[in-house]
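Q: Next comes the sequence, and after it the predicted model I'd like to discuss.
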Amino acid sequence: MNSRDRVLKVFNFEKPDRVPIYDLLRNHNAIEYYSGKKINYNESDRDTVIKAITKSLDMTRSIRLPQREHIFEEGGFLIKQQEWTSWIEKRPFNNEDNAKKWIKGQVHKLEQSMPYLEKWIEEKLKEYISLQSDLEDTLLLWTATELGFCDAYTKLGMENMVYIYFEEPKLISDWLELKCKKTVKCIKSALSQDLVPVAFIGEDIAYKNGLLFSSSFLKKEFISRLKRVVQAYHDKGIKVIFHSDGNLMEILDDLVECNIDGLNPLEPLSGMDIGKIKRRIGQKVVLIGNIDCSHLLPFGTTEEVRKEVRKTIEVAASGSGFILASSSELHNEIPLENIIAFIECGKKYGSFNRVDF
C-alpha cells in the first residue's frame with residue numbers, strides 16, 4: 001500500500017497495512033541520512049529535502065529549506081531566519097495607535113484584494129500540485145487557506161492584540177472576519193477533493209498550561225469562523241486537520257463540534273493524554289501526534305523512544321483513526337538515532353496485520 005492510500009484509509013477509519021507517519025523533517029542529519037545527500041544551503045537542497053521526506057514519511061506539509069542566519073524585510077517587518085525557524089525582530093509600528101492604523105491598512109488591503117483572489121489561489125494551487133508531484137505518494141497537506149488568527153496576533157503582537165481588542169473590539173473582529181471571508185472564498189473558488197484530499201489549519205490557540213485566550217473570546221472570535229472554514233472544505237469533499245500546540249482540553253468539545261476530521265499534535269507534556277482523548281473523540285476525529293519532541297526525542301534513549309512509540313500505537317491505533325507523529329516537528333536538536341528509532345519502530349510495530357489490531 002502506498003503512503004497516500006494509507007493516509008486516506010485512516011481518514012475513512014479503515015485499516016491500512018500499517019499506521020501512517022506524519023511529520024516535519026527539519027533535521028540536518030536525518031535529511032542527509034534518508035536522502036543520501038549533503039545539505040549545501042543552495043537550490044540543490046530542495047531535491048535533497050524532498051527525497052528524504054519521500055523515504056521516511058507518509059504525510060507532511062510546508063516544505064522549507066534550511067537557511068543560514070540572515071535578516072530580511074517583508075511588508076515592513078524585519079524578520080530573522082535561522083535554519084528552519086523565523087521570528088519578527090521589528091514591527092512597522094511602535095505604539096498602540098500606530099498598530100491600530102496598521103490594522104486598518106490591512107483591512108483595506110484585504111478588501112482591495114477580494115476581486116483578485118481567484119488568480120492568487122490558482123497560483124498557490126499550481127505550486128501545490130508541482131510539489132505534490134515531486135513528493136510522489138507522500139501526501140502533502142494543503143496549507144494555503146488557513147484562518148489567519150495566529151498570523152494576526154503574531155504580526156500584531158500579543159499585547160497589542162489584547163489591548164486593542166479591549167478598547168476597540170470591532171476593529172479586531174472586523175479584521176478577523178475579513179480574513180475568514182477571504183479564506184472561504186478561496187476554498188470555494190478553486191479547490192477540489194481530487195487535487196487536495198486533506199487540508200491543514202494551523203492556528204496556535206494554547207500553550208502547555210491551557211488556552212492563550214479565554215474560552216469565551218475563542219468561541220466568539222475563533223470557533224465560529226473555524227466552523228465556517230471547515231464547512232467550506234467539507235463542501236468540496238476535503239478532510240481537515242486542525243493543529244494547535246498546547247493543552248486544548250477546555251475547548252476540545254468545541255473543536256469537535258466544528259467537525260474537524262483530524263487533531264494535531266497532541267502534546268503529551270501539555271496534558272493532552274492520548275488515551276483519554278482516544279476514548280472521548282477517537283471514534284470521529286483522527287488523532288495525529290503524541291511523541292514528545294521537547295524532552296523524549298532530544299534527550300531520551302533509543303529504547304525509550306521505541307517504548308513510547310509502541311505504547312502510543314497500542315493506545316491510539318486500535319480500530320484505525322491514528323497517525324503517528326511527533327508533538328511538533330523532527331527538529332535539529334534531536335539525535336539522528338532517535339529519529340530513526342521513531343520512524344522505523346512506527347513502521348514495524350504499527351502493522352495492522354497484528355492480531356490485536
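A: It's in.
Q: Identify the residues contacting residue 6.
A: Each residue near residue 6 by C-beta atoms under 8 Å, 6 or more residues apart in numbering is listed here: 16-18, 20, 58. C-beta: built from backbone N, CA, C; applies to glycine.
Q: Geometric centre of the chain: which residue is closest?
A: The chain has residue 202 as the residue nearest its centroid, 4.5 Å off, counting by C-alpha atoms, centre = their mean.
Q: Report the beta-bridge partners for it.
A: Residues in a beta bridge with residue 202, per DSSP bridges, are residue 243.
Q: so it makes contact with residue 143?
A: Yes: between residue 202 and residue 143 there is a contact under C-beta atoms under 8 Å: 6.9 Å.
Q: What's the end-to-end length of stretch 129-149?
A: Length of stretch 129-149, first residue to last, C-alpha to C-alpha, to the nearest Å: 26 Å.
Q: That stretch - what's its average pLDDT?
A: Mean pLDDT, computed over stretch 129-149, is 97.
Q: so how far is that stretch from its chain's centroid?
A: Using C-alpha atoms, centre = their mean, to the nearest Å, the mean C-alpha position of stretch 129-149 is found 11 Å from that of the whole chain.
Q: Same check on stretch 295-305?
A: On the basis of C-alpha atoms, centre = their mean, stretch 295-305 is displaced by 23 Å from the centre of the chain it belongs to.
Q: Check stretch 254-273 too.
A: What separates the centre of stretch 254-273 from the centre of its chain is 12 Å, taken as C-alpha atoms, centre = their mean.
Q: List the buried residues for that stretch?
A: Applying a neighbour-count criterion of 16 or more other C-beta atoms under 10 Å, the buried positions in stretch 254-273 are 254-255, 258, 260-268, 270, 272.
Q: Narrow these to those in strands?
A: The members of the buried residues of stretch 254-273 that map onto strands under DSSP state E are 262-264.
Q: List just the nearest of those to residue 93.
A: Of all these, the one sitting nearest residue 93 is residue 264; the distance, using C-beta to C-beta, is 32.8 Å.
Q: Using CSV, write down the CA coordinates of stretch 111-127.
A: The C-alpha coordinates for stretch 111-127 follow below in CSV (Å, rounded to 0.1, in the frame of the first residue of the first chain):
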residue,chain,number,x,y,z
GLU,A,111,-10.9,44.5,0.8
GLN,A,112,-9.0,45.5,-2.3
SER,A,113,-7.7,42.0,-2.9
MET,A,114,-11.1,40.3,-2.9
PRO,A,115,-11.7,40.6,-6.7
TYR,A,116,-8.3,39.1,-7.5
LEU,A,117,-8.4,36.1,-5.2
GLU,A,118,-9.1,33.5,-7.9
LYS,A,119,-5.8,34.3,-9.6
TRP,A,120,-3.9,34.2,-6.3
ILE,A,121,-5.4,30.8,-5.4
GLU,A,122,-4.7,29.4,-8.8
GLU,A,123,-1.0,30.2,-8.4
LYS,A,124,-1.0,28.6,-4.9
LEU,A,125,-2.7,25.5,-6.3
LYS,A,126,-0.2,25.3,-9.2
GLU,A,127,2.7,25.3,-6.6
